[in-house]
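S.K.: Structure of the sequence below:
(one chain, ligands or ions: 1)
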Amino acid sequence: MTERLYYDDAYLTEFDAVVTECVAADGRYLVRLDRSAFYPTSGGQPYDMGTLGGANILDVYVGEDHDVYHAVDAPLKVGERVHGKIDWPRRFDHMQQHAGDHMIASALWRLLGGVTIGLHISHDVSTIDVAMPEGVTRISSEDIRRVEADVNERIQRDVPVKCWFPEAEELKSLPLRKPPTVSEHVRIVAIGEDEMVACGGTHPSTAGQLGLVKIVGVAPARGKMRVSFLAGQRALADYQSVYDIAHTTAAQLSTSVENLAAHVAAMQEALKRAKFELNRLRRDSAVNEIQHSDLPLTDKGVRVAARMLAGDANLIKDVASQLIKQDNMAVLLGAEVEPGQAVFVFARSQNVDIHMGQLLSRAAKPLGGKGGGRPDFAQGGGAPAILEAAKGLLFN
Ligand SMILES: [Zn+2]
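M.R.: Numbering: from 1, shown residues only. So this is what the prediction gives:
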């Protein structure tokens, strides 16, 4: 079995080891060592990268035999002594995220009674899934702030982080946050005076090295509550990015970051009113234009208004509804909502004997469109050419 050097020293970045096995598989080489400081993917923490001998690490994982396997891009000689070098920024980032996970899990447990089920550290954000009392899958923003305050208070107090393998007797007496999932070689990670749990991961030696922990999302996921968070450098990078976006946006709107939300709300309200007014004007203008046009008549004396209008489905519905208040009107209206794609409203006055639903359906189908409805009012969608096709059917 490989001796796992990271258990005792998470800060060990270089080490020497003897190659005990090297097997070619799928264009890469699976290497075992007598000892290793490379962390294998486990407990939600991703594997370490770096170099081993003259090879680059592609993956590190725990095999079915519970031993550590290093997937590398070049063969290493069995029996040879090799030098391993760990990609420290990547490892330290994982240490910050992993300790952040324990501290958030601890706060959720102590403050709200939530039991953390699993951790997942991805390349951008880390998540923990939490079983909350009574199965709730969300918490209030006040509770999120309480958890953040609890965690960051301990970071600022720089509480110690300790990792060790207790004897069976000692293990029984420890106030663990939850029971260990393994029964032998149980490793304990304790952060400060009130957080202790079984864990095989790598952690900083003090909480202060996390710098900052920020919760960036709480949402239901598979019946549990999923908490997304950033720790350390990731939290700082996020603050810098959010700071830049907030200040750039505020400058564009000639306001301050403090007034940004109120400013945007006022803009949305003004935009809503402007859109409403624009729709009213477009409707009135279209109705007016059609009413005063020389419209073609069917052989039964029905005035036919066939138009494509600038607007949307609501606008043409409004215009059609206005026009059919008069007698002897058949109104075929379309609006191109995106290139090559139009919506249609076909409507008629009560005294006109044309089935609008059937007319729209007959015109739309050969052109791959859809539509239908009542004898006096129909709606559909498809190619803009449907409008001319329907007009043609009326005058045949
Ligand atoms: Zn852990």
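S.K.: So which bits of the biggest strand by length in the chain are buried?
M.R.: Using DSSP state E, we find that the single longest strand of the chain is strand 14-25. Using 16 or more other CB atoms under 10 Å as the burial criterion, the residues of strand 14-25 that qualify are Phe15, Ala17, Val19, Cys22. For every residue, glycine as well, the C-beta is placed using N, CA and C.
S.K.: and the longest helix along the chain, what other elements does it pack with?
M.R.: When the chain is scanned for its longest helix (criterion: DSSP state H), the result is helix 260-291. Under the contact definition 3 or more CB pairs under 8 Å, 6 or more residues apart in numbering; DSSP states H and E, helix 260-291 sits against helix 233-252, strand 303-308, helix 313-323.
S.K.: Okay, buried residues for the first one please.
M.R.: For helix 233-252, the buried set under the neighbour-count rule, 16+ other CB under 10 Å, comprises Gln233, Arg234, Ala235, Asp238, Ala250.
S.K.: Reformat the residues you listed as a markdown table; add pLDDT and distance to Ser122.
M.R.: Converted to a markdown table, those look like this (pLDDT from 0 to 100; distance: CB to CB, whole Å):
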| residue | pLDDT | distance to Ser122 |
| --- | --- | --- |
| Gln233 | 96 | 15 |
| Arg234 | 97 | 11 |
| Ala235 | 97 | 15 |
| Asp238 | 97 | 14 |
| Ala250 | 97 | 31 |
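S.K.: ok, back up a step: what's the angle from the longest helix of the chain to helix 233-252?
M.R.: 50 degrees (axes from the mean of the first three to the mean of the last three CA atoms, to 10 degrees).
S.K.: how far is helix 260-291 from where the chain is centred?
M.R.: The chain centroid and the centroid of helix 260-291 are separated by 33 Å under CA atoms, centre = their mean, to the nearest Å.
S.K.: Likewise for stretch 143-151?
M.R.: For stretch 143-151 - counting by CA atoms, centre = their mean - the centre lies 22 Å from the chain centre.
S.K.: List the buried residues of that stretch.
M.R.: Asp143, Ile144, Arg146, Val147, Glu148, Asp150, Val151.
S.K.: so how far is Ser228 from the first one?
M.R.: In this view, Asp143 and Ser228 are 15 Å apart by CB to CB, to the nearest Å.
S.K.: Kindly report the same for the fourth one.
M.R.: Computed with CB to CB, the distance linking Val147 and Ser228 is 13 Å.
S.K.: list residues touching both of those two?
M.R.: Contact with both Val147 and Ser228 is made by residues Ile215, according to CB atoms under 8 Å, 6 or more residues apart in numbering.
S.K.: how many neighbours does the closest residue to the ion within the chain have?
M.R.: Relative to the ion, the nearest point of the chain is Cys199 (3.2 Å; CB to the ion). Around Cys199 there are 23 other residues, counting by other CB atoms under 10 Å.
S.K.: contacting residues around it?
M.R.: Per CB under 8 Å, 6+ apart, neighbours of Cys199: Gly43, His98, His102, Cys163, Arg187, Ile188, Val189.
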